[in-house]
Structure formats: structure tokens, C-alpha cells
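**Student:** predicted model follows, preceded by the sequence.
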Amino acid sequence: MMKKFLFVAAAVVASMVFTGCINEDDTYKKLQPVEKGINIYNWTSSQYSMATEQANIGLRMAMLVAEAHKQGVDNFEDVKIEGISIKGKLLGTSSKIEKTTTGYKITFNPAMDMDGYSREGAVLIDTGGAPPERSGR
């Protein structure tokens, strides 16, 4: 009989302990429902763009390095196809590229680039000092 009483008392105390914080916490009321329509796509699209920006810049830099290597040019400003600067098209005209011991540092001045993005700050690209590989091995 005493064990049943203690068990019931423990169950009552446990239920009060575990539900007490729920009654006092109203943060769940602050959450807004997901809005229907184009907003879901727009928010996801912009988050995706922000999340993949560093990889995008790394791929653009890899294309620039490969084309410079193919043309036998050391200065990225001199890499041109049909007279058009590839650096300006890939990384923007306001970007500055510096060679580091393990890769490259790209510094962006706040300006709107051809792709519609305004970049500011610097990105370090670590290539491990590996030279570009020749294709067609």
C-alpha cells in the first residue's frame, strides 16, 4: 500500500515538474506560420546563394587560374578572351587578387558586379600551393 502511494505521489510530482516550465514559457507563441506563395522560394533562394558564395568564388578563381595557365600569363589582369578581361567577368572589376603561400586572397571593394551581387571583404582560397594541372593527360 505504501509503495503504491509513493508511486502515485512521484507520478504527480513528476507531471508537475515537467509541465511547469511549459506553462511559463510562451516562446512558442512568437513563432509565425510559414507564408504561402513565392516568399518560400525567395527566402530559400537567397539563403542558398549566401551559403554557396564561397564555393562559387573558388570555382571562378579556379577557372581564372586555369585560363591564365593555358595562356601562359602570370598577371590575371592580362587574361583575355577576344579582348575581354576574364578576371572582370568572373570576379568583378573591383576585385584584387594576391598570391599567398598556400593559394590566393581575393579582396572585394564594395561595388555592384556584373552578376548583380555586391561583394565586400576578402576570401582566402587554399590550393595547398599546388600548380594548375594540364588537361588532356
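**Tutor:** Received the coordinates, thanks.

**Student:** now do the buried residues in stretch 78-89.
**Tutor:** If you call a residue buried by 16 or more other C-beta atoms under 10 Å, then stretch 78-89 has these buried ones: 79, 86-89. In short, each C-beta sits where N, CA and C put it, glycine included.

**Student:** for the residues you listed, please prepare CSV with the additional fields distance to residue 104 and secondary structure.
**Tutor:** Converted to CSV, the buried residues of stretch 78-89 look like this (distance: C-beta to C-beta, whole Å; DSSP: H, G, I helix; E, B strand; the rest coil):
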residue, distance to residue 104, secondary structure
79, 14, coil
86, 15, helix
87, 12, helix
88, 16, helix
89, 17, helix
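
**Student:** same list (the residues you listed) but as a markdown table, adding distance to residue 48 and pLDDT.
**Tutor:** Output for the buried residues of stretch 78-89, formatted as a markdown table (distance: C-beta to C-beta, whole Å; pLDDT from 0 to 100):
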| residue | distance to residue 48 | pLDDT |
| --- | --- | --- |
| 79 | 29 | 91 |
| 86 | 26 | 89 |
| 87 | 26 | 89 |
| 88 | 25 | 85 |
| 89 | 22 | 86 |
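
**Student:** ok, of those residues, which one's closest to residue 43?
**Tutor:** Closest approach to residue 43 among those (C-beta to C-beta): residue 89, at 29.0 Å.

**Student:** quickly note the distance from the closest one to residue 73.
**Tutor:** Distance, residue 89 to residue 73, by C-beta to C-beta, to the nearest Å: 15 Å.

**Student:** now do the helices in the chain.
**Tutor:** 2-24, 38-51, 53-71, 86-91 (DSSP state H).

**Student:** pLDDT below threshold where in the protein?
**Tutor:** Within the chain, the stretches with pLDDT under 70 are 1-42, 111-118, 131-137.

**Student:** how about a cut-off of 50?
**Tutor:** Within the chain, the stretches with pLDDT under 50 are 136-137.
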